[in-house]
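1. Just to be clear, the model below is a prediction. Sequence and coordinates:
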Amino acid sequence: MVISKKSIFMFLTLACLTLVLGACSSDNKSEEKSSAKTVTDAVGEMEFPANPERVLAPNMEDYLVTLGIKPVAQWSIGTSVHTYLQDELKDVPLISWDMPIEDVIEAEPDLIMFESEAAIQEGMYEEYKKVAPTYVFKPEDTTDWRKQLTVMGELFGKEDTAKTAIEEYDQKAKDAKAQIKEAIGDESAAIIWVTGGQFFVFEGDRYASNVLYEDLGIKMPTYINDLGGSQDVWQATSLEALADLDADHLFITALENEEGIETLENSSVYKSIPAVEKDQVYFFEDSSNWTINAKTANDVTIDLVLETLVK
């Protein structure tokens, strides 16, 4: 059989092309493999995996949802979950707040994240590390949700998504602030969570209070201002102490049939609060958006505040 020069040329060309493509493929695999990065968290250096697909980040589901990441399991206390996120997480199984190791193993995460060292049960960090790479946020990265979302965006390679989410929220808050100012002027507001027959008043920097006072510019009552900054352990407030609550508007979150509501409403102290006298008290059964400070939760809080204050 006679092989023409043209055939030989074509054969050599294809061979070269195959070698080039093979080299490119090898380079891509090398790049993909090396894209796992060494980062420093609250504990020390750790290898943050490339493109993790099964992320377990208890009580940080809001951040994951904002970045377009669906967690492998969602934080819960009993059957209680972040109700406001259930449109996005309705099919996601629950995992207890204390993260039992057998449940963590069953979830098969390829990345575990904790909001702080204090969020990890004593002596369990090394056990979690055996299951999957474990990242623990530094204290300075969780003081503000915008900072935490930015850091998380950088870790997951979703910096633009995080930036856009923050910009959209800030614009929403700015628009809402103007509407609320026009509606209530310099009137003040406060938030109380009633649970287990106890009353928890939100200090000026606790959870949704950041939305009310910082983002929406609502006036802080003197009573709230005098409480000072929030402490790590949230202490219940006595009914008697509420006699000094000088709020013109009052947001109360409590489950249906919560025993403390009847106690509150039947007290002379409650009836003396300016917001009650003015019939400017607003009840909400879901506490989940009020008791966390993150982008989606704060979006919901703004919507609820607008619905109640802007007629």
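-> Sure thing, it's come through.
2. how deep is Glu285 tucked in, by neighbour count?
-> Number of residues near Glu285 (other C-beta atoms under 10 Å) recorded here: 11. Every C-beta, even on glycine, is put in place using the N, C-alpha and C of the backbone.
3. er, Ile192 I mean
-> There are 22 residues near Ile192, going by other C-beta under 10 Å.
4. The one 3 residues further on too?
-> When neighbours are defined as other C-beta under 10 Å, Thr195 has 16 of them.
5. Which residues are in contact with it?
-> Neighbour list for Thr195: 254-255, 258, 260, 287 [criterion: C-beta atoms under 8 Å, 6 or more residues apart in numbering].
6. mind running it again at 10 Å?
-> Thr195 makes contact with 236, 253-255, 258-260, 287, 291, according to C-beta atoms under 10 Å, 6 or more residues apart in numbering.
7. wait, is Glu47 part of a strand?
-> Yes - counting by DSSP: H, G, I helix; E, B strand; the rest coil, one finds Glu47 located in a strand.
8. Confirm for me that it is in contact with Pro133.
-> Yes - between Glu47 and Pro133 there is a contact under C-beta atoms under 10 Å: 5.8 Å.
9. neighbour count winner among these two?
-> Taking neighbours as other C-beta under 10 Å, Glu47 and Pro133 compare with Pro133 leading, 17 against 11.
10. What are the phi and psi values at the more buried one?
-> Backbone torsions for Pro133, taken as degrees, to the nearest 10, come to phi -50, psi 130.
11. Use 48 as the first number from now on
-> In the new count, where the first residue is 48, that last one comes out as Pro180.
12. separation between Asp333 and Leu136?
-> 14 Å (C-beta to C-beta, to the nearest Å).
13. So between the two, which is more surrounded?
-> Using other C-beta under 10 Å as the criterion, Asp333 and Leu136 rank with Leu136 on top: 22 against 15.
14. Quick one: residues contacting the more buried one.
-> So Leu136 contacts 108-109, 111-112, 117-118, 120-122, 128-130 (C-beta under 10 Å, 6+ apart).
15. swap in Thr113?
-> With contacts defined as C-beta under 10 Å, 6+ apart, the neighbours of Thr113 are 135, 192, 196, 199-200, 205, 208-209, 211-213, 216, 341-343, 346.
16. and these, which are buried?
-> Buried members of those, scored by 16 or more other C-beta atoms under 10 Å, are 135, 192, 196, 199-200, 205, 208-209, 212-213, 216, 341-343, 346.
17. just the helices in the protein please.
-> Counting by DSSP state H, one finds helices in the chain at the ranges 52-81, 108-113, 133-136, 148-154, 172-178, 192-202, 206-231, 256, 269-274, 306-312, 315-318, 321-324, 342-356.
18. Rebuild the ones you listed as JSON lines, extending it with distance to Ile238 and mean pLDDT.
-> Converted to JSON lines, the helices of the chain look like this (distance: least, C-beta to C-beta, whole Å; pLDDT from 0 to 100):
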{"stretch": "helix 52-81", "distance to Ile238": "47", "mean pLDDT": "42"}
{"stretch": "helix 108-113", "distance to Ile238": "18", "mean pLDDT": "98"}
{"stretch": "helix 133-136", "distance to Ile238": "22", "mean pLDDT": "96"}
{"stretch": "helix 148-154", "distance to Ile238": "33", "mean pLDDT": "98"}
{"stretch": "helix 172-178", "distance to Ile238": "34", "mean pLDDT": "98"}
{"stretch": "helix 192-202", "distance to Ile238": "17", "mean pLDDT": "98"}
{"stretch": "helix 206-231", "distance to Ile238": "15", "mean pLDDT": "98"}
{"stretch": "helix 256", "distance to Ile238": "6", "mean pLDDT": "98"}
{"stretch": "helix 269-274", "distance to Ile238": "9", "mean pLDDT": "97"}
{"stretch": "helix 306-312", "distance to Ile238": "14", "mean pLDDT": "96"}
{"stretch": "helix 315-318", "distance to Ile238": "15", "mean pLDDT": "97"}
{"stretch": "helix 321-324", "distance to Ile238": "11", "mean pLDDT": "98"}
{"stretch": "helix 342-356", "distance to Ile238": "9", "mean pLDDT": "98"}
